[in-house]
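J.: return atomic coordinates for the entry below.
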Amino acid sequence: MSNLDTHPAEARVCGGRITPTDHTDTSDTELLTPREVPLGGPRAMLVRRALPGKNRRMIGAWCFADVYGPTDITAGAGMQVPPHPHIGLQTVSWLVSGAVHHLDSLGSDQRVRPGQLNLMTAGHGIAHSERTPADAPPTLHGAQLWIALPEGDREGPARFEHHADLPVLDLPGVDAPGARVTVIAGQVNDGRVHRSPARTHTPLMGAEVVLEAGSRVRLPLEESFEHGVLALDAPVHALGHRVEAGSLLYVGEGRTQVELYAEEAAHLLVIGGEPFTEDLLMWWNFVGRDHDEIVRARHSWEQDRTSPHQGTTGEGARFPLVRGDSEESLPAPALPNARLRARPRHRP
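T.: Predicted coordinates for the structure are as follows:
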């Protein structure tokens, strides 16, 4: 998915805390409340962006989190994101309901459905589009996340993976119905290791947790990771916080489990990883390290997308043509007058 802001900034999301609802120690937590962003223009469906936040920009290597829907698309176009570029990151596409059609400059042509993972590694450069197919179900609901690539891998070759068969485990409820957990990335260890086949480049994890109404479960965590709880469709209670749909609860290192409770049926994502130690420069759809790198990527995109020869072979292009998508690609926004600068993962 593209960041369609016409004037992209490094962070414009408000972060804050709420009053705990119990006596749980919350000194290592922070609630990130999302802002609404139109996906595809002012009349398009809105997404709720919780990461990057004003103060907290990353959780492990996870550096971007959008939640969209549930949206009735019977009278609209749903998701229609034209070809656009990425560098220096992995995109994670996850659906709760609906369908999305992915095309990219590698020639990948893949529909993603609920419970399946589309993982695209941009490396030095890739272009792709994401669209709601004409025969899609009437409701679209899901999340788009980005994972920053570390220095040793961020200039590597582009890659695309689709995983339709991911590990699933059942968590018992504390005193009520339990939950179903799908391991999207990394692993979950509940006494037995459940590992995703997705290729990652830093120690991290991601999992969908589906709670029945009244469920209270304890999800095992890796003690050396920081984590985030991202509510997708209904409020979730965690560590004394009520996490509304679209909001993200940051949880610091040192915890071996998190108790999750939902008054009504709820879908949520739990993400985590070792704290990312490299400062990032995030601008538009690029994750880099300095201003000049972003300038070069932007120039390459504008040159490649407007080249009269791009539609033939794409040889020598950093961002070859997205075959099968005939719509005009997205132009890059204008760069700001000031030099962009890298930022640490959180503001002290």
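
J.: report pLDDT for the residue nearest the centre of the chain.
T.: The centroid of the chain falls nearest to Leu145 when counting by Cα atoms, centre = their mean (0.5 Å). According to the prediction, Leu145 has pLDDT 98.

J.: kindly report the same for the one 4 residues further on.
T.: In the prediction, the pLDDT value recorded for Leu149 is 98.

J.: I figured Ala213 hits Ala262, correct?
T.: Yes - counting by Cβ atoms under 8 Å, Ala213 touches Ala262, with 6.8 Å between them. Glycine gets a C-beta too; all of them are placed from N, C-alpha and C.

J.: who's more crowded, those two?
T.: Ala262 (27 against 12; other Cβ atoms under 10 Å).

J.: give me the nearest residue to that one, chain neighbours excluded.
T.: Spatial nearest neighbour of Ala262, chain neighbours left out: Leu211 (4.1 Å); criterion: Cβ to Cβ, 6 or more residues apart in numbering.

J.: in terms of contact, does the one you found touch Glu263 like I think?
T.: No - Leu211 lies out of contact with Glu263 (Cβ under 8 Å); the separation is 9.6 Å.

J.: all strands of the stretch 51-200 of the chain, in order?
T.: For the stretch 51-200 of the chain, the strands defined by DSSP state E, counting those that start in this stretch cover 62-72, 80-86, 89-97, 100-104, 109-112, 117-121, 126-131, 139-148, 159-163, 168-171, 179-185, 187-189, 193-195.

J.: so which of those strands comes closest to Thr202?
T.: strand 139-148 (7.7 Å; Cβ to Cβ).

J.: now the residue nearest to the centre of the chain, nearest residue through space, not along the chain?
T.: That would be Val92: by Cβ to Cβ, 6+ apart, it lies 4.3 Å from Leu145.

J.: so what's the one you found bridging to?
T.: Beta bridges link Val92 to Leu119, Leu145 when assigned by DSSP bridges.

J.: neighbours of it, just the number please.
T.: Neighbours of Val92 (other Cβ under 10 Å): 25.

J.: ok, it - contacts?
T.: 117-119, 143-147, 184-185, 206 (Cβ atoms under 8 Å, 6 or more residues apart in numbering).

J.: what does the pLDDT read for it?
T.: Predicted confidence (pLDDT) for Val92: 98.

J.: one more: His309?
T.: pLDDT at His309 comes out at 60.

J.: also the one 5 residues further on?
T.: In the predicted model, Gly314 carries a pLDDT score of 55.

J.: on that earlier part again, shared neighbours of Leu211 and Glu263, anything?
T.: Shared contacts of Leu211 and Glu263 (Cβ under 8 Å, 6+ apart): none.

J.: settle it for me: which of those two has more neighbours?
T.: Using other Cβ under 10 Å, the more surrounded residue of Leu211 and Glu263 is Leu211, with 27 against 14.

J.: for the more buried one, give me its contacts.
T.: Contacts of Leu211 by Cβ under 8 Å, 6+ apart are 179, 217, 236, 260-262, 265-268.

J.: name only those of those residues that count as buried.
T.: 179, 217, 236, 260-262, 266-268 (16 or more other Cβ atoms under 10 Å).

J.: which ones among those lie within strands?
T.: 179, 217, 236, 260-261, 266-268 (DSSP state E).

J.: adding pLDDT and distance to Leu39, write those out as TSV.
T.: Formatted as TSV, these follow (pLDDT from 0 to 100; distance: Cβ to Cβ, whole Å):
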residue	pLDDT	distance to Leu39
Ala179	96	29
Val217	97	32
Val236	98	24
Leu260	98	28
Tyr261	97	31
Ala266	97	23
His267	98	19
Leu268	98	21
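
J.: the residue nearest to the centre of the chain and Phe64 touch, don't they?
T.: Yes - applying Cβ under 8 Å, one finds Leu145 in contact with Phe64, separated by 6.1 Å.

J.: hmm, back to that, how far away is the residue nearest to Leu145 from Ala75?
T.: 29 Å (Cβ to Cβ, to the nearest Å).

J.: please apply the same query to Leu249.
T.: 34 Å.

J.: tell me which of the two has more neighbours.
T.: Neighbours of Leu249 and Ala75, each counted by other Cβ under 10 Å, are more numerous for Leu249; the result is 28 against 6.

J.: average pLDDT across the helix or strand harbouring the more buried one?
T.: Per DSSP states H and E, Leu249 falls inside strand 248-251. For strand 248-251, mean pLDDT rounds to 98.
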